[in-house]
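K.L.:
Sequence isn't available, so here's the structure alone:
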């Protein structure tokens with residue numbers, strides 16, 4: 001008999017697979033939007049596509065970020081790892097959506113993109129460091 005509790009591992013596996021499944025559905029929505037909506041005929045199409053791309057990349061990034069953290073911690077899932085991974089996936093999705101909207105409006109420049117990435121990194125580092133000090 002083994003005293004190992006594999007319940008948390010199963011829960012983490014279900015969450016990761018659920019998010020990746022939702023990401024697959026989101027990418028199917030992105031494909032559908034890309035193939036069926038003409039951005040020249042409908043001015044809102046670009047914004048709908050940006051939102052769909054942001055959601056799809058965020059849903060894809062969150063479980064992958066968690067898996068990277070899980071691998072770096074030698075297959076130990078610490079409390080708060082999913083919260084951090086979800087937050088970082090949200091940052092990725094928001095940045096992708098903002099970049100697409102900026103590109104649609106013709107105002108995207110690499111300098112602005114790098115500034116927004118740096119801003120998101122500083123915000124994430126601040127949130128992560130603040131969480132470490134509360135414990």
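P.N.:
Perfect, thanks for sending it. Being a predicted model, the structure only gives us computed values, none of them experimental.

K.L.:
For the residue lying closest to residue 85 once chain neighbours are set aside, give its distance to residue 81.
P.N.:
Of all residues not flanking residue 85 in the chain, residue 66 sits nearest, at 3.6 Å (C-beta to C-beta, 6 or more residues apart in numbering). From N, CA and C alone the C-beta is placed, and that goes for glycine too. Per C-beta to C-beta, to the nearest Å, residue 66 is found 6 Å from residue 81.

K.L.:
what's the least confident helix or strand in the chain by mean pLDDT packed up against?
P.N.:
One helix or strand of the chain scores below all others by mean pLDDT, DSSP states H and E: helix 110-134, with a mean of 88. Applying 3 or more C-beta pairs under 8 Å, 6 or more residues apart in numbering; DSSP states H and E, one finds that helix 110-134 contacts helix 81-105.

K.L.:
Check the offset of the least confident helix or strand of the chain from the chain's centre.
P.N.:
Remark: helix 110-134 is offset 15 Å from the chain centroid, using C-alpha atoms, centre = their mean, to the nearest Å.

K.L.:
ok so, going back, more crowded one of residue 66 and residue 81?
P.N.:
residue 66 (23 against 16; other C-beta atoms under 10 Å).

K.L.:
separation between the more buried one and residue 46?
P.N.:
Taking C-beta to C-beta as the measure, residue 66 and residue 46 are separated by 31 Å.

K.L.:
and whichever helix or strand residue 63 is part of, which residues are buried?
P.N.:
According to DSSP states H and E, residue 63 maps onto helix 45-72. Buried residues in helix 45-72, counting neighbours by 16 or more other C-beta atoms under 10 Å, are found at 45-47, 49-66, 69-70.

K.L.:
thought residue 89 was touching residue 59?
P.N.:
Yes - using C-beta atoms under 8 Å, residue 89 is in contact with residue 59, at 7.0 Å.

K.L.:
Tell me the confidence at the closest residue to residue 17 other than its chain neighbours?
P.N.:
Residue nearest to residue 17 in three dimensions, not counting chain neighbours: residue 63, with 7.9 Å by C-beta to C-beta, 6+ apart. Turning to residue 63, the model gives it a pLDDT of 93.
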